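Engineer: Take this sequence and fold it.
(one chain, ligands or ions: 2)
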Amino acid sequence: MSQLKIAVQKSGRLSEKSLALIVEAGISLNNSDRRLISRSSNFPIEILFLRDDDIPQYVADGVADIGIVGENVIYEKNSPIRVVEKLGFARCRLSLAISKSVEYTGINYFNGKKIATSYPKILGKYLLDNNIKAEIHEISGSVEIAPGIGLADSIFDIVSSGSTLISNGLQEVEIVMKSEAVIIGDLNLSVEKQKILDKLLFRIRSVQTARNHKYVVLNAPSNQVSKIIEIIPGMKSPTVVPLAKEGWVSIHSVLKENEFWDIIDKLQECGAEGILVMPIEKMVV
Ligand code: PRT
Ligand code: ZN
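Structural biologist: Ligands and ions are numbered 1, 2, ... in the order given. Model prediction:
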């Protein structure tokens, strides 16, 4: 029986969420102490723990069948792999930043400047596309200190909250790309492995869909039911059950997390009371 080999980051920003996703998909891991390989007793999967930068090449070489990495890493490595699924975590952007004391006038500012980065390929392409001639100075870490120590005029680096830039006296002036964690895959998966991957993706999507929805239960006057059903249509249609108190019903439904506050306001306007909102663990639609 074939096993699908999945490469995840050994330790870093992607590790916990990558493993959590696998565990929430109902896959139990035998030794998740991240030595090198972990197997599952209830799903044909093997996990390889690697540095994130190495994952695209391992997948391209077929050592791993799929992997979880940030999009920034795949575009920098340019390995022959495909993006199978976006995962929505480890969101960040790759941006150009300059000293906050400089007044930024536009992209031409970078002509003739020296830019420090760990992402020379992505930056090189961006500069070429925008017809800017700048010097790229490749460094492997602590890029944000480069302008302060006189190594470069500006930087091109990952930004998430922006606080690293602020504490180094820098301002973000151009967002070059946005990134999030994705599943990447070998271009030539066997039919058997593709089947295992499809099963895994089905489970991951159920977990992701559940995360984006909430289960809601509320009490409402019976004469408001039709109005409330319009507000919370549910997966097919809401469950409506009578309460012991005459003229009242309990309504159960599912709503999207991002519509939540708007909907709650509307429900209250219809006389809804005792509104309970609960997380959903898995959701198959
Ligand atoms: O050891 P290994 O090579 O496996 O790990 P790594 O050190 O290369 O990567 P790691 O664990 O730091 O990040 C893994 C991935 O997380 C990255 O490739 C991105 O896709 C994603 N990610 C999301 C981030 C950030 N957010 C992030 N904020 N990666 C790095 N940062 C750093 C950034 O380099 C900068 O120094 O955080 C700082 C900026 O953060 P803010 O919040 O101050 O703006
Ligand atoms: Zn790395």
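Engineer: Who does Val254 form a beta bridge with?
Structural biologist: With DSSP bridges as the criterion, the beta-bridge partners of Val254 are Tyr215.
Engineer: what pLDDT does it get?
Structural biologist: In the prediction, the pLDDT value recorded for Val254 is 92.
Engineer: again with Phe156
Structural biologist: Per-residue confidence (pLDDT) for Phe156: 98.
Engineer: From Lys195, how far off is the residue lying closest to it once chain neighbours are set aside?
Structural biologist: If you skip the residues right next to it in sequence, Phe156 has Thr117 as its closest partner in space, 3.9 Å away by Cβ to Cβ, 6 or more residues apart in numbering. (Glycine included, C-beta is placed from N, CA and C.) Counting by Cβ to Cβ, to the nearest Å, the separation of Thr117 from Lys195 is 41 Å.
Engineer: can you list the residues of this structure near ligand 2?
Structural biologist: 52-53 (Cβ under 5 Å from the ion).
Engineer: Give me the domain ranges for the chain.
Structural biologist: If you go by automatic domain parsing, the domain ranges for the chain are 4-89+180-210, 92-179, 213-279.
Engineer: Would you convert these into TSV that also reports mean neighbour count?
Structural biologist: Below are the domains of the chain laid out as TSV (neighbours: other Cβ atoms under 10 Å):
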stretch	mean neighbour count
domain 4-89+180-210	18
domain 92-179	17
domain 213-279	14
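Engineer: Can you lay out the ones you listed as TSV showing distance to ligand 1?
Structural biologist: Converted to TSV, the domains of the chain look like this (distance: least, Cβ to the nearest ligand atom, whole Å):
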stretch	distance to ligand 1
domain 4-89+180-210	2
domain 92-179	3
domain 213-279	21
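Engineer: Just put the ones you listed in JSON lines and tack on distance to Val285.
Structural biologist: JSON lines is the format used below for the domains of the chain (distance: least, Cβ to Cβ, whole Å):
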{"stretch": "domain 4-89+180-210", "distance to Val285": "6"}
{"stretch": "domain 92-179", "distance to Val285": "27"}
{"stretch": "domain 213-279", "distance to Val285": "7"}
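Engineer: Show the contacting residues for Val249.
Structural biologist: Val249 makes contact with 219-222, 225, 240-243 under the criterion Cβ atoms under 8 Å, 6 or more residues apart in numbering.
Engineer: Out of these, which sit inside strands?
Structural biologist: The members of those that map onto strands under DSSP state E are 219-221, 240-242.
Engineer: residues in contact with stretch 126-139?
Structural biologist: Counting by Cβ under 8 Å, 6+ apart, 107-108, 110-118, 120, 123-124, 146, 151-152, 176 sit against stretch 126-139.
Engineer: Out of those residues, which sit inside strands?
Structural biologist: Mapping the contacts of stretch 126-139 onto strands (DSSP E) picks out 114-117, 176.
Engineer: quick one on the thing from earlier: against Phe89, how distant is the residue nearest to Phe156?
Structural biologist: 24 Å.
Engineer: now Ser2
Structural biologist: 28 Å.
Engineer: in the stretch 101-250 of the chain, which spans are helices?
Structural biologist: 120-129, 163-167, 191-211, 225-231 (DSSP state H, counting those that start in this stretch).
Engineer: These: which one's closest to Gly67?
Structural biologist: The closest of the helices of the stretch 101-250 of the chain to Gly67 is helix 191-211. By Cβ to Cβ, the value is 11.9 Å.
Engineer: Packing partners of the closest one?
Structural biologist: Identification of packing neighbours for helix 191-211 by 3 or more Cβ pairs under 8 Å, 6 or more residues apart in numbering; DSSP states H and E yields strand 4-9, helix 15-24, strand 82-86, strand 181-185.
Engineer: Serialize those to JSON lines and add fields for mean pLDDT.
Structural biologist: Putting those into JSON lines (pLDDT from 0 to 100) gives the following:
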{"stretch": "strand 4-9", "mean pLDDT": "97"}
{"stretch": "helix 15-24", "mean pLDDT": "94"}
{"stretch": "strand 82-86", "mean pLDDT": "97"}
{"stretch": "strand 181-185", "mean pLDDT": "98"}
